[in-house]
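1. one predicted model, sequence on top.
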Protein chains: 2
Amino acid sequence: MMVANEDGREGRAAFGPVPHGASKRRVVAWIWMWVLLVGATVVAASPLRAADPLPSWNDGAAKRAILSFVAETTSAGAPGFISSPERIATFDNDGTLWVEQPMYVQLAFALDRVKAMAPQHPEWKEAQPFKAILAGDVKGALAGGEPAIAQIVGATHAGMTTDEFAKIVGDWLATARHPRFKRPYTECVYQPMLELLAHLRANGFKTFIVSGGGVEFMRVFAEKVYGIPPEQVVGSSGVLRWDMRATGPVLMREAKIDFIDDGPGKPVGIQKFIGRQPVFAFGNSDGDQQMLEWTAAGKGAHFMGLVHHDDAEREWAYDRTSHVGKLDKALDEAAARNWTVVGMKEDWKVIFPPEGK
Amino acid sequence: MMVANEDGREGRAAFGPVPHGASKRRVVAWIWMWVLLVGATVVAASPLRAADPLPSWNDGAAKRAILSFVAETTSAGAPGFISSPERIATFDNDGTLWVEQPMYVQLAFALDRVKAMAPQHPEWKEAQPFKAILAGDVKGALAGGEPAIAQIVGATHAGMTTDEFAKIVGDWLATARHPRFKRPYTECVYQPMLELLAHLRANGFKTFIVSGGGVEFMRVFAEKVYGIPPEQVVGSSGVLRWDMRATGPVLMREAKIDFIDDGPGKPVGIQKFIGRQPVFAFGNSDGDQQMLEWTAAGKGAHFMGLVHHDDAEREWAYDRTSHVGKLDKALDEAAARNWTVVGMKEDWKVIFPPEGK
């Protein structure tokens, strides 16, 4: 649309000039049209101008880096312009979009499931790692390392259909509460990151989760909580088996790992599931390092961000020596390569959304 | 918006009534506004009413079934209404969106690659299946069955980076010609299916490819040719390996199968990559049977379609006994369960787009 001069001459041209000898009534009609059009433009444009798209972020280097990246990559003609289909943004989930302490949410789910299923498994009373879980000894249960975790995952995540699993997860999320924050896990998501996801989408970015967590676990809540549809969630997965039953087909979840979407698995998962290099990526741990490196290797403009958990008061403070969400090598690389490190303490006004949001 | 009576009274009410004693000029302005608004409505609505969204389809049961499914599932309040995020449509590629005779396009690519790479592999002169390929004996080369195919795929599809492979495929597609139609393979796509994809997307459906073909082969052309972006292409894949080189990271294509997206693998692939059951699915062979069964098992409205190659004159006629694209069991199931079978001969006015489109 052309911008009207004060006398409306330019504007008229867009609809064809007012003919010489036009009646006064016709001129009045043109003026009315301009009042309407200009009015509509002002109404449409003003919320964009006025509102801060990241109100939960303090003004600082991180917020400014994000806003200027989005502005520069979406302004037609700007040197960093990225066409809309290429605006792929990938986010880790645990510790980046929601809380991962005192343990991964999916592990809390698995432990609760062991307890809920125990009456049907009397043999668990004497068999590790189940015995330890039922005694409330999580450390002891996990002391068995990967084989123990495989047993827990196998018992709680497999041997059922995909529909059954999704229902179990949904039911659990509806009732489980985070042990410290006493609210549903789906409300232990980071409000500043929700705003970032929305800001990216409002600017034509397609937002994906790329997480070490189970893909079918995350898909249960990702659309409602993050606005990310199932087909944009990439994660770890177990083998599925097609089973045609008398009542119709089902997909059975087998107790066998199909894909681990962590570390070097993240760029592999991105290529497998998305098929394009991201231009924007956010993580919080060494498990995200290769995803950020893959993003940094892009030919055009790109943005790499890390959430740094440095706020023991409002959330947790951990990095180089943490068992969960260890951030060591990636923190060094961020410093060396000028990736954006978001300090929760300084950069975020609030951590979580209002309760019951 | 309210529909204006001829005197515009109803319409005025939408903006508040013209006050008593309004000047004549103001009344004229209101009339002008209505001329504009009604005019804009007519202009906006008429192409939708007038244009046939499937002009290359003959009027028949298949076309009517498609059009009424789309109309019924997208009309708010209709019993079959499907919300926009759930409008997942999946399409097989070979034989459904493009030609698969006299051999799968990707096999033609592999054979051409063997010939192009032969100077660097003098040992192929004496080793099968390469010797047969170089002698132009495709049948002999494929007589070795799966191990022979694995050797061909390994030699032509692995041992390079994902970027290198995409470039090789793109270069080949730019120059290779279909042996019968003497046009690029990317123009041996079915014009009626292109229209169907566009019609679905115009009605809020998200279109996916779910094919036994290689996912990284299809992603090279799917966006340009079908309007389907890489992240909506599901296919068979090889194992990828992250490799951090001095010049930066790459993803290496290994000579090892990761996933076969065919037969019962199609619903598995749909669950892995999309995470929702399709409501609309189209295939052409027994390899698509489980995808259609999975779609048919959905709780809401759903549509299952099969392209039946029965047009030897304009394309090919094959079904129950064909080596490529065998359509036998799925054809019986289509008859038993009232799936839509599209006969190329009767249902399609044209097969391919105009040359050079």
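-> Yep, that arrived. Note that this is a predicted model, so its numbers are computed, not measured.
2. okay, CA-based contacts and neighbour counts for the rest of this
-> Noted.
3. counting by contacts, list what the host helix or strand of residue A:305 packs against.
-> Using DSSP states H and E, residue A:305 sits within strand A:303-308. Contacts defined by 3 or more Cα pairs under 8 Å, 6 or more residues apart in numbering or on different chains; DSSP states H and E place strand A:303-308 against strand A:280-283, helix A:289-296, strand A:340-343.
4. partners of it in the sheet?
-> Strand A:303-308 has the following sheet partners, assigned by DSSP bridges: strand A:280-283 (parallel), strand A:340-343 (parallel).
5. could you dump those strands into a markdown table with mean pLDDT added?
-> Converted to a markdown table, the strands paired with strand A:303-308 look like this (pLDDT from 0 to 100):
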| stretch | mean pLDDT |
| --- | --- |
| strand A:280-283 | 98 |
| strand A:340-343 | 98 |
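6. I'd assumed residue A:241 was in a strand, is it?
-> Yes - with DSSP: H, G, I helix; E, B strand; the rest coil as the criterion, residue A:241 is part of a strand.
7. show me what contacts the closest residue to it other than its chain neighbours?
-> Excluding the flanking residues, the one nearest residue A:241 by Cα to Cα, 6 or more residues apart in numbering or on different chains is residue A:252, at 5.0 Å. Listed by Cα atoms under 8 Å, 6 or more residues apart in numbering or on different chains, the contact set of residue A:252 reads A:158, A:159, A:160, A:161, A:162, A:240, A:241, A:242, A:243.
8. look up phi and psi at the fourth one.
-> In this entry, residue A:161 is assigned phi and psi values of phi -80, psi 160 (degrees, to the nearest 10).
9. what separation do you get for it and residue A:238?
-> Counting by Cα to Cα, to the nearest Å, the separation of residue A:161 from residue A:238 is 12 Å.
10. then the third one?
-> Residue A:160 sits 12 Å away from residue A:238, taking Cα to Cα as the criterion.
11. now swap in the first one and tell me
-> Look at residue A:158 and residue A:238: by Cα to Cα, they are 8 Å apart.
12. these two: which is more packed in?
-> More neighbours surround residue A:238 than the other of residue A:158 and residue A:238, with 22 against 19 (other Cα atoms under 10 Å in any protein chain shown).
13. common neighbours of residue A:161 and residue A:238, please.
-> Common contacts of residue A:161 and residue A:238 (Cα under 8 Å, 6+ apart): residue A:253.
14. show me where the stretch 201-350 of chain A has its helices.
-> Here the stretch 201-350 of chain A has its helices, by DSSP state H, counting those that start in this stretch, at A:215-218, A:222-226, A:265-269, A:289-296, A:329-337, A:344-347.
15. now tabulate those helices in a markdown table and tack on mean neighbour count.
-> Output for those, formatted as a markdown table (neighbours: other Cα atoms under 10 Å in any protein chain shown):
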| stretch | mean neighbour count |
| --- | --- |
| helix A:215-218 | 22 |
| helix A:222-226 | 16 |
| helix A:265-269 | 26 |
| helix A:289-296 | 25 |
| helix A:329-337 | 15 |
| helix A:344-347 | 20 |
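16. out of those, which comes closest to residue B:58?
-> helix A:222-226 (39.8 Å; Cα to Cα).
17. list the contacts of the closest one.
-> A:186, A:194, A:197, A:228, A:229, A:230, A:233.
18. next one: stretch A:65-72
-> Against stretch A:65-72 from outside (Cα under 8 Å, 6+ apart): A:78, A:79, A:80, A:81, A:200, A:203, A:303, A:340.
19. list the buried residues of stretch A:342-357.
-> For stretch A:342-357, the neighbour count (16 or more other Cα atoms under 10 Å in any protein chain shown) marks A:342, A:344, A:345, A:347, A:348, A:350, A:351, A:352 as buried.
20. separation between the last one and chain B?
-> According to Cα to the nearest Cα, to the nearest Å, residue A:352 and chain B sit 27 Å apart.
21. likewise the fourth one?
-> As judged by Cα to the nearest Cα, residue A:347 and chain B stand 31 Å apart.
22. in a helix, that's where residue A:109 is, yeah?
-> Yes - under three-state DSSP, residue A:109 falls within a helix.
23. show me what from the stretch 101-250 of chain A comes close to chain B.
-> Neighbours of chain B within the stretch 101-250 of chain A, by Cα under 8 Å from any Cα of the partner chain: A:216, A:219, A:229-232, A:234, A:237, A:240-242, A:248-249.
24. what subset of the residues you listed is buried?
-> Buried members of these, scored by 16+ other Cα under 10 Å, are A:216, A:219, A:229, A:230, A:231, A:232, A:234, A:237, A:240, A:241, A:242, A:249.
25. ok so, going back, report the two of the buried residues of stretch A:342-357 separated the most.
-> A:342 and A:352 (15.5 Å).
26. any residues in contact with both of residue A:160 and residue A:238?
-> A:253, A:254.
27. show me the contacts for residue A:197.
-> Contacts of residue A:197 by Cα under 8 Å, 6+ apart are A:207, A:226.
28. buried stuff in the host helix or strand of it?
-> Secondary structure from DSSP H and E places residue A:197 in helix A:191-202. Going by neighbour count (16+ other Cα under 10 Å), the buried part of helix A:191-202 is A:191, A:192, A:193, A:194, A:195, A:196, A:197, A:198, A:199, A:200, A:201.
29. what's the local residue count around the residue lying closest to residue A:328 once chain neighbours are set aside?
-> The shortest distance from residue A:328 to any non-neighbouring residue, by Cα to Cα, 6+ apart, is to residue A:320 (4.4 Å). Per other Cα under 10 Å, the neighbour tally for residue A:320 reads 14.
30. related to what we said a few turns ago, for residue B:154, which of the strands paired with strand A:303-308 is the nearest?
-> strand A:280-283 (32.5 Å).
31. which stretches of the stretch 51-200 of chain A form helices?
-> A:61-74, A:105-117, A:130-134, A:138-142, A:145-157, A:162-175, A:191-202.
32. shouldn't residue A:165 be in contact with residue A:155?
-> No - using Cα atoms under 8 Å, residue A:165 makes no contact with residue A:155, being 12.0 Å away.
33. turn the helices and strands packed on strand A:303-308 into TSV, including distance to residue A:59.
-> Converted to TSV, these look like this (distance: least, Cα to Cα, whole Å):
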stretch	distance to residue A:59
strand A:280-283	19
helix A:289-296	24
strand A:340-343	12
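34. go through these and name the closest to residue A:329.
-> Here helix A:289-296 is closest among the helices and strands packed on strand A:303-308 (Cα to Cα), at 7.8 Å.
35. which other residues reach that closest one?
-> Contacts for helix A:289-296 (Cα under 8 Å, 6+ apart): A:263-264, A:266-267, A:277-283, A:302-305, A:329-330, B:249.
36. of the residues you listed, buried ones?
-> For the contacts of helix A:289-296, buried by 16+ other Cα under 10 Å: A:263-264, A:266-267, A:277-283, A:302-305, A:330, B:249.
37. chain neighbours aside, what residue packs nearest to residue A:310?
-> Residue A:310 sits nearest to residue A:317 (Cα to Cα, 6+ apart), 4.1 Å away.
38. who does the residue nearest to residue A:241 form a beta bridge with?
-> residue A:161, residue A:241.
39. what's around the nearest residue to residue A:346 once chain neighbours are set aside, how many residues?
-> The shortest distance from residue A:346 to any residue other than its chain neighbours is 7.2 Å, reached at residue A:58 (Cα to Cα, 6+ apart). Residue A:58: 18 surrounding residues under other Cα under 10 Å.
40. may I have the phi/psi pair for residue A:58?
-> Dihedral pair for residue A:58: phi -70, psi 150, per degrees, to the nearest 10.
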